[in-house]
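S.K.: Using only what follows, build the 3D model:
(one chain, ligands or ions: 1)
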Amino acid sequence: MLNENKKSQPGESPNLTLWSSKFGFLMAAIGSAVGLGNIWRFPYLAGQNGGGIFVLVYVLATLLVALPVLIAELMLGRAGRAGPVAAMRALIVQNGSSRVWTGIIGWGAMVAAVLLLSYYSVIGGWTLKYTFSAILGLFTHIDQSHSAHLFQEMVNNPWVLMAYHGLFILLSMLIVVGGVEKGIEKSAVIMMPLLFLVLAILVIYAATTPGFARGWHFLFDFNVKNFSMRAFLAAIGQAFFALSVGIGAMMTYGSYLTKSADVMAVSLKIALADTLVAILAGLAIFPIVFTYALAPTEGPGLTFVTLPIAFGQMTGGIFFGTAFFVLLVLAALTSSISVLETFVAFLAHHFNMGRFVATVVSGFVVWLLGLLTVFSFNILSSFHPLEFLGITGTFFNIIDFLVSNVFLLGVGLGIAVYAGWALTQQVVAGYLDVHERSIRFVLWRVCVRVIAPIGIVVAFVFECFLS
Ligand code: PHE
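M.R.: Prediction:
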């Protein structure tokens with residue numbers, strides 16, 4: 001079964017790089033989608049913004065806005081048979097479209113990919129450091145101030161951050177340098193099932209704790225008064241980030257997909273798996289937080305300050321704490337390799353580099369750029385580079401904001417408009433290999449032409465100008 005889609009597909013050039021199996025592709029793509037965002041951002045957003053109603057809106061935003069764009073992105077990658085820039089160039093020639101699209105989608109995605117990876121890998125480094133701390137039992141009996149101190153001590157030290165950031169990139173490079181099939185695919189089919197297993201263990205453990213009921217209510221009760229327009233738009237933004245769309249990684253992964261793969265069906269699987277992991281992460285985290293009478297704080301605080309206190313108090317805390325941080329490492333690593341691959345494929349294609357050289361260059365550039373994020377927590381923590389424009393925030397804040405709110409949404413909008421309006425119905429039906437009058441194709445077209453663009457524009461305007 002594993003080799004049913006091996007290289008020599010009829011009508012496909014024999015020297016194309018392709019995934020060796022559908023399962024391998026699915027694990028790699030779900031790996032890209034399931035990341036830090038699922039584990040530290042989604043549960044908190046849901047809990048604070050109305051619980052069940054947020055979950056419901058998030059699922060709708062995923063299905064109606066993010067999923068249609070994911071389908072389009074994978075489709076464009078497969079049709080253009082390359083990463084974002086080269087794929088768009090090929091598609092423009094094939095379809096006689098304007099060159100503007102290469103700028104918006106191709107270059108926009110590349111810049112976003114490099115920027116995202118520069119800070120994502122710094123946080124990936126934190127997850128590595130915390131895994132070691134958990135194994136060494138450093139959380140045993142720590143209290144709130146001790147835990148906050150441990151975290152501050154780490155981020156205050158640029159050398160420590162640089163080292164772990166470097167280690168995280170090095171791990172990603174070791175996988176990517178092996179190639180699509182032997183590196184990315186092979187590691188994904190091990191890491192993703194492992195991630196599901198660890199998550200299952202944590203959820204089962206959480207279900208036995210006294211805080212489970214409260215955690216469940218926090219996440220699922222309909223708390224309409226906590227839901228707002230702001231929460232609605234946060235759901236759209238989060239759905240985009242969560243599915244890894246708008247950054248070219250899915251386009252690059254799509255370029256290795258065989259003609260026989262059903263892009264719509266696999267995209268739906270990716271979206272469902274990603275959403276399930278986000279919800280299960282909430283069910284693993286909040287019961288533990290409530291059991292130890294802690295507060296469900298946001299993002300890094302929740303993951304790196306609050307949870308270690310709980311692990312330090314529970315029986316078997318070394319085991320569960322280690323399991324949790326291993327979960328984060330796996331989630332971060334499988335996401336970062338998809339972005340690194342986007343950069344590597346770009347360099348290999350445009351600068352004629354071999355995979356080894358391209359990987360070394362990409363890793364080094366990302367590490368170097370990541371120093372801006374590293375220093376944002378220490379030596380440059382009070383430097384606000386855009387203060388003269390009235391924008392306060394460190395380099396890290398600005399890069400994070402640019403990537404999640406400007407680039408992802410902008411490139412995502414470009415993909416939706418290109419696939420929905422610039423290409424004809426006939427062409428896209430051909431690319432997707434579906435019947436023009438099939439229900440799913442008609443539904444997808446409505447979403448990608450109308451619903452997704454409106455959702456993206458509203459979220460974008462709100463995030464950039466009104467919040
Ligand atoms: N989807 C990842 C997460 O939820 C983030 C990501 C975005 C990864 C874009 C790759 C590309 O953490």
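
S.K.: Which single residue of the protein approaches the ligand most closely?
M.R.: Residue nearest to the ligand within the chain: Gly35 (2.3 Å; C-beta to the nearest ligand atom). All C-beta atoms are positioned from the backbone trio N, CA, C, and that covers glycine.

S.K.: Quick one: residues contacting the closest residue to that residue other than its chain neighbours.
M.R.: Spatial nearest neighbour of Gly35, excluding adjacent residues (C-beta to C-beta, 6 or more residues apart in numbering): Ser335 at 3.5 Å. Residues in contact with Ser335 (C-beta atoms under 8 Å, 6 or more residues apart in numbering) are 31-36, 120, 244.

S.K.: now do Tyr418
M.R.: Tyr418 makes contact with 72, 76, 97, 101, 104-105 under the criterion C-beta under 8 Å, 6+ apart.

S.K.: So which of the residues you listed are in helices?
M.R.: Counting by DSSP state H, the contacts of Tyr418 place 72, 76, 101 in helices.

S.K.: Quick check: the second one touching Met250?
M.R.: No - contact between Leu76 and Met250 fails when scored by C-beta atoms under 8 Å: they sit 9.3 Å apart.

S.K.: Can you name the next helix or strand after the longest helix along the chain?
M.R.: Ranked by residue count and defined by DSSP H, the top helix of the chain is helix 317-350. Moving toward the C-terminus from helix 317-350, the next helix or strand (DSSP states H and E) is helix 355-376.

S.K.: Around the ligand, which positions in the stretch 51-200 of the chain sit nearby?
M.R.: The interface of the stretch 51-200 of the chain toward the ligand, taken as C-beta under 6 Å from any ligand atom, is made up of Leu116.

S.K.: Do a quick rundown of the strands in the stretch 51-200 of the chain.
M.R.: Along the stretch 51-200 of the chain, counting by DSSP state E, counting those that start in this stretch, no stretch forms strands.

S.K.: low-confidence ranges in it?
M.R.: Scanning the stretch 51-200 of the chain for pLDDT under 70 picks out nothing.

S.K.: Wait, a helix at Ala261?
M.R.: No - Ala261 is assigned coil when assessed by DSSP: H, G, I helix; E, B strand; the rest coil, not a helix.

S.K.: Now it: phi and psi?
M.R.: With angles defined as degrees, to the nearest 10, Ala261 sits at phi -70, psi 140.

S.K.: Next: Gly390.
M.R.: Backbone torsions of Gly390, given as degrees, to the nearest 10, read phi 80, psi 10.

S.K.: just to revisit the earlier point, buried sites along the longest helix of the chain?
M.R.: Residues of helix 317-350 classed as buried: 317-318, 320-348 (neighbour count, 16 or more other C-beta atoms under 10 Å).

S.K.: chain center to that helix: distance?
M.R.: Distance, stretch centre to chain centre, for helix 317-350: 10 Å (C-alpha atoms, centre = their mean, to the nearest Å).

S.K.: Report the angle between it and helix 355-376.
M.R.: Note on geometry: by axes from the mean of the first three to the mean of the last three C-alpha atoms, to 10 degrees, helix 317-350 and helix 355-376 are set 120 degrees apart in direction.

S.K.: near the ligand, anything from helix 317-350?
M.R.: Yes - in terms of C-beta under 6 Å from any ligand atom, part of helix 317-350 sits within range of the ligand, namely 335, 338-339.

S.K.: which residues in the stretch 101-250 of the chain form helices?
M.R.: Secondary structure of the stretch 101-250 of the chain by DSSP state H, counting those that start in this stretch: the helices cover 108-135, 144-156, 158-176, 186-207, 212-220, 229-242, 249-254.

S.K.: closest one to Ala66 among the ones you listed?
M.R.: Closest to Ala66 of these, according to C-beta to C-beta: helix 229-242, at 4.1 Å.

S.K.: quick one: buried residues of that closest one?
M.R.: Burial within helix 229-242, assessed by neighbour count using 16+ other C-beta under 10 Å, is assigned to 231-242.

S.K.: can you dump the C-alpha coordinates of it into CSV?
M.R.: What follows is helix 229-242, C-alpha atoms only, in CSV (Å, rounded to 0.1, in the frame of the first residue of the first chain):
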residue,chain,number,x,y,z
MET,A,229,-16.6,40.8,17.1
ARG,A,230,-13.0,40.7,18.2
ALA,A,231,-13.3,37.0,19.1
PHE,A,232,-14.9,36.3,15.8
LEU,A,233,-12.0,37.8,13.9
ALA,A,234,-9.5,36.1,16.1
ALA,A,235,-11.1,32.8,15.1
ILE,A,236,-10.5,33.6,11.4
GLY,A,237,-6.9,34.6,12.0
GLN,A,238,-6.2,31.6,14.1
ALA,A,239,-7.8,29.2,11.6
PHE,A,240,-5.4,30.6,8.9
PHE,A,241,-2.3,30.3,11.1
ALA,A,242,-3.4,26.8,12.3
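
S.K.: name the helices or strands packed onto it?
M.R.: With contacts defined as 3 or more C-beta pairs under 8 Å, 6 or more residues apart in numbering; DSSP states H and E, the packing partners of helix 229-242 are helix 42-48, helix 52-61, helix 263-291, helix 408-417, helix 452-461.

S.K.: now the angle between helix 52-61 and the last one, please.
M.R.: Here the directions of helix 452-461 and helix 52-61 differ by 130 degrees (the same axes, to 10 degrees).

S.K.: do the fourth one as well
M.R.: Taking the same axes, to 10 degrees, helix 408-417 and helix 52-61 form an angle of 40 degrees between their directions.

S.K.: ok, now the longest one?
M.R.: Between the direction of helix 263-291 and that of helix 52-61, the angle (the same axes, to 10 degrees) works out to 160 degrees.

S.K.: average model confidence for helix 263-291?
M.R.: Helix 263-291 carries an average pLDDT of 96.

S.K.: The helix or strand that that helix is followed by near the ligand at all?
M.R.: Once helix 263-291 ends, the next helix or strand along the chain (criterion: DSSP H and E) is helix 299-300. No - on the criterion C-beta under 6 Å from any ligand atom, helix 299-300 is out of touch with the ligand, staying 11.5 Å away.
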